[in-house]
Every structure is written in C-alpha cells, then in structure tokens.
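**Student:** here is my input, please return the structure:
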Amino acid sequence: MLRHLIAIATATILFSNSLTLAASKPPKPPDEFPPNPLEITPPDPLSPRSPKDKQPLTPQERQKLEPALDALNQEAAAKLQAGEQVAAFEIWNRELRLRRFLGSLAEVQALSRVGAIAWKLNDGQEVQYITERLQAIQKQAQSQKKAAPIDLELWRSLGEAYKNVRLSKLAIEAYNQVLLVVRQQQDQRAVLEILKTIGELHLSWFDYRKAAPIYEELLSFATSLGDRVNEVTYLQQLAYIYEQTNQPQQSLNVLNKLVEIYANENNLTQILELKLAIASDYESLAKKDPNLLLEAFNNYQEAYTTAWQLKEYVRAADALQKLIALYRSQGQTEEALQASEILVQIQAQAANFYGMMQAYDQIGQLYLERKEFPQALTAFQQGLKLAQQLKHEEAYFTGQIAKLSKANF
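**Tutor:** Numbering: from 1, shown residues only. Reported below is the predicted structural model:
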C-alpha cells in the first residue's frame with residue numbers, strides 16, 4: 001500500500017513538472033509562409049540523381065528526362081483545361097523542380113512559360129514562387145560573371161521571364177546586362193533588338209523620361225541606316241513621350257522632323273495633325289517667351305487652311321476654335337469675332353448644328369465684351385433658333401435674350 005502511494009505521488013510530481021515546463025515554453029507559431037515548392041527536394045522517381053550532385057547530366061540522362069518533363073507539362077495543361085488549377089500547378093512545380101537538372105537556361109525558359117500562365121490566371125502565390133526562383137538564378141549568374149563570359153541566352157531568357165510576370169524593373173536589369181555585352185561585341189542588330197525591348201518596357205510602366213533616351217538612340221540608328229519606316233515610328237513615339245512629359249521644345253524638334261518627312265510625301269492629312277500639335281507647343285513656350293506666340297498663331301492658321309483644303313471640316317473647326325481661344329487670351333476681340341463668324345460657316349458645312357449653336361453663343365459673348373448689345377442680341381437669337389431645333393439649352397439663350405431686351409441700348 002505504501003509503495004502504491006509513493007508511486008502515485010511520484011507520478012503526480014512528474015506530471016506537475018511537465019506542465020510547468022510546457023507552460024514555460026512558448027508555443028511554436030504556425031507556418032505563416034509555406035516553403036517555396038520550387039526549393040524543396042522531395043524524392044521523385046523521375047529524378048536522375050541526387051539534387052546535391054552538381055555534375056551535368058549525361059546525354060543518355062538528358063534524353064530520358066526531357067520527354068518525361070514535356071509529358072508533365074502536357075499533363076498539367078490538361079488538368080488546367082479541366083478546371084483543376086491547383087492540381088495543374090502542383091504538376092508544373094514538379095516539372096520545374098526537375099528542369100533544374102537540365103541547367104539554368106532550360107529552367108528559366110520553363111519558369112517563364114509557367115510564370116506567364118500564373119500571371120494570366122492571377123495566381124499571385126505561384127508568381128511569387130517563380131519570381132523567387134528567377135532571382136536566385138540571377139544571383140548565381142551574377143556571381144559567375146567574373147569567372148566566365150556572360151551567358152547572353154540565359155540573361156535574355158531572364159529578361160523575358162521577368163517580363164512575363166510583369167516585373168518590369170527586373171526585366172530591364174536583365175536586358176541591360178545583355179545590352180552591355182552586345183555593345184562591346186558591336187552587334188548592331190542585337191543592340192537594336194534589346195533597345196526596342198527596353199523602350200517598350202519603360203513605356204509599359206509609363207516611365208517616359210527613361211524611355212526618351214532609348215528612343216532617341218533608336219531614332220539615330222534608323223536615320224543613319226536610312227530606315228524611313230522606323231524613323232517615322234520612333235519620331236512618333238518621341239512626340240508622344242515629350243507630350244506626356246511636358247517638354248514642348250523637345251516635342252517641337254521631333255514634330256518638325258515629321259512635318260519635313262510628310263511634306264516630301266505630300267501627306268497633308270498627317271501634316272494637319274502635326275501643325276495642331278506644333279501650335280500647342282509654341283503656345284506653351286510663349287508663356288516664357290512671348291515672341292513665340294506668332295508661331296502659335298501661324299501654325300493654327302496653317303492647320304485650319306490645310307483642313308479646309310482637305311474638306312475635313314471637323315478638324316478645321318477644331319483648329320479655328322483653338323485660334324479663337326488664342327485671340328481671346330491676347331485680347332484680340334475683333335480677330336476672334338471674325339474667326340467665330342467663319343466657324344459658324346464651317347460648322348454648317350459639317351452639318352454640326354450643336355457646333356453652330358456654340359459658335360453663335362461665342363459671338364454673342366464677344367459682342368457683350370465690346371458692349372455692342374444689338375449685335376449680341378442678334379447672335380443669341382440665332383443661337384436660340386438652333387437650340388429650339390436641338391431641344392437643348394433653350395432656357396440659356398432665352399435668358400440671354402431677355403436680359404438684352406430689357407437693356408437700354
């Protein structure tokens with residue numbers, strides 16, 4: 001009996017001590033971030049050897065492994081087609097782990113392929129796994145640059161892979177590595193190809209200021225080669241870039257080159273658009289240098305004249321309206337009135353009754369500024385006729401007429 005009591009007491013003490021120890025140790029936090037499935041090394045029947053064995057595969061091992069991995073890719077695609085997305089990416093991740101045996105280039109190309117699918121399906125977790133693996137490969141490639149020549153194909157593939165998962169900054173870093181080498185090799189064709197890619201990446205992320213020198217260099221190449229098609233393309237890109245970055249002087253330089261090209265081709269339609277843009281740039285520059293205002297006037301007038309010649313009445317009205325606004329900003333009411341009268345005729349040619357109504361309103365406002373009330377009344381009455389036809393803004397014109405009718409001229 002005594003032995004039994006001693007045993008119970010001892011067990012109680014041990015149990016109590018274990019509780020004390022358990023209480024003193026904080027519980028292990030759950031795994032908030034599961035391990036990257038591309039970095040784990042579970043046993044795999046397709047694995048030709050241990051992942052720790054860094055020796056390249058023999059031709060026989062490659063010949064056996066490559067079709068097996070292609071089959072996994074097809075199996076994953078079939079799963080995705082059947083709506084089993086989770087199962088599909090489990091198979092793809094297995095394929096990607098095994099692709100590592102075929103070397104960095106083959107692995108990056110596979111990561112690029114699967115990454116594009118993951119991005120399209122908005123699978124952020126899978127994109128993150130692939131990004132981490134790409135960065136690990138890039139880090140390894142960077143460490144090997146001093147010991148061996150840069151692997152251009154690998155770095156190109158890294159750039160493409162980053163582009164597929166929409167990591168523009170990392171893609172540009174990779175392509176810049178390639179650009180450095182192909183410049184040294186004086187491989188003009190490769191330089192052009194990489195510059196185009198980098199330029200497109202900058203534009204895709206609206207980084208216009210970094211895109212500008214890229215397209216300036218591309219323009220220089222096209223001009224030196226007499227490549228008129230690409231010269232026009234790059235000039236158009238630069239015009240857009242300088243417009244977005246509010247650089248009117250740089251924009252003017254580009255637009256004037258385009259005018260020269262289109263003038264040689266007698267392409268008046270393109271010249272019309274360019275003249276409007278040129279006038280706008282001069283208008284911006286005139287804020288600092290009023291002497292340039294005349295250039296703005298001249299280019300708006302040329303745009304209007306060209307549009308009239310082409311019977312493009314909508315564009316003619318647009319050019320004339322901008323010219324009127326410029327006249328008004330300079331206090332040139334008489335010129336603004338004359339242009340507004342012409343605008344009425346242009347809108348009539350375009351059968352734009354709403355535009356005619358607005359033009360009569362503009363004329364009425366200009367006569368009010370000059371305190372020429374009878375003329376203002378006549379303009380508003382013309383505007384009311386159109387408003388009644390359109391059943392739009394009738395109250396506005398009626399109100400303007402009522403105010404003038406009460407005035408003592």
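
**Student:** all contacts plus neighbour counts: C-alpha atoms, from now on.
**Tutor:** Will do.

**Student:** mind listing the helices for the stretch 151-300 of the chain?
**Tutor:** In the stretch 151-300 of the chain, the helices defined using DSSP state H, counting those that start in this stretch lie at 152-164, 168-184, 188-204, 208-225, 228-244, 248-264, 268-285, 293-309.

**Student:** where does pLDDT dip in the stretch 1-150 of the chain?
**Tutor:** In the predicted model, the stretch 1-150 of the chain carries pLDDT under 70 at residues 1-33, 146-148.

**Student:** which of the helices of the stretch 151-300 of the chain sits most buried?
**Tutor:** helix 152-164 (a mean of 22; mean count of other CA atoms under 10 Å).

**Student:** what sits up against that helix?
**Tutor:** The set of residues external to helix 152-164 that reach it, using CA atoms under 8 Å, 6 or more residues apart in numbering, is 104-105, 108-109, 111-113, 115-116, 119, 131, 134, 138, 168, 170-175, 177-178, 181.

**Student:** can I get that helix in PDB, CA atoms only?
**Tutor:** Extracted C-alpha coordinates of helix 152-164, given in PDB (Å, rounded to 0.1, in the frame of the first residue of the first chain):
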ATOM      1  CA  LEU A 152      23.700  36.000 -73.200                       C
ATOM      2  CA  GLU A 153      20.900  33.500 -73.900                       C
ATOM      3  CA  LEU A 154      20.400  33.000 -70.100                       C
ATOM      4  CA  TRP A 155      20.200  36.700 -69.400                       C
ATOM      5  CA  ARG A 156      17.800  37.200 -72.400                       C
ATOM      6  CA  SER A 157      15.600  34.400 -71.000                       C
ATOM      7  CA  LEU A 158      15.700  36.000 -67.500                       C
ATOM      8  CA  GLY A 159      14.500  39.300 -69.100                       C
ATOM      9  CA  GLU A 160      11.700  37.500 -70.900                       C
ATOM     10  CA  ALA A 161      10.700  35.600 -67.800                       C
ATOM     11  CA  TYR A 162      10.500  38.800 -65.700                       C
ATOM     12  CA  LYS A 163       8.500  40.400 -68.400                       C
ATOM     13  CA  ASN A 164       6.100  37.500 -68.400                       C
END
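
**Student:** my guess is residue 335 meets residue 325, correct?
**Tutor:** No: shown here, residue 335 and residue 325 do not form a contact pair, counting by CA atoms under 8 Å, at 10.6 Å.

**Student:** just give me the neighbour total for the closest residue in space to residue 98 that isn't next to it in sequence.
**Tutor:** Spatial nearest neighbour of residue 98, chain neighbours left out: residue 47 (6.6 Å); criterion: CA to CA, 6 or more residues apart in numbering. By the criterion of other CA atoms under 10 Å, residue 47 has 16 neighbours.

**Student:** next, the buried residues of stretch 55-67.
**Tutor:** For stretch 55-67, a neighbour-count test (16 or more other CA atoms under 10 Å) marks 57, 65 as buried.
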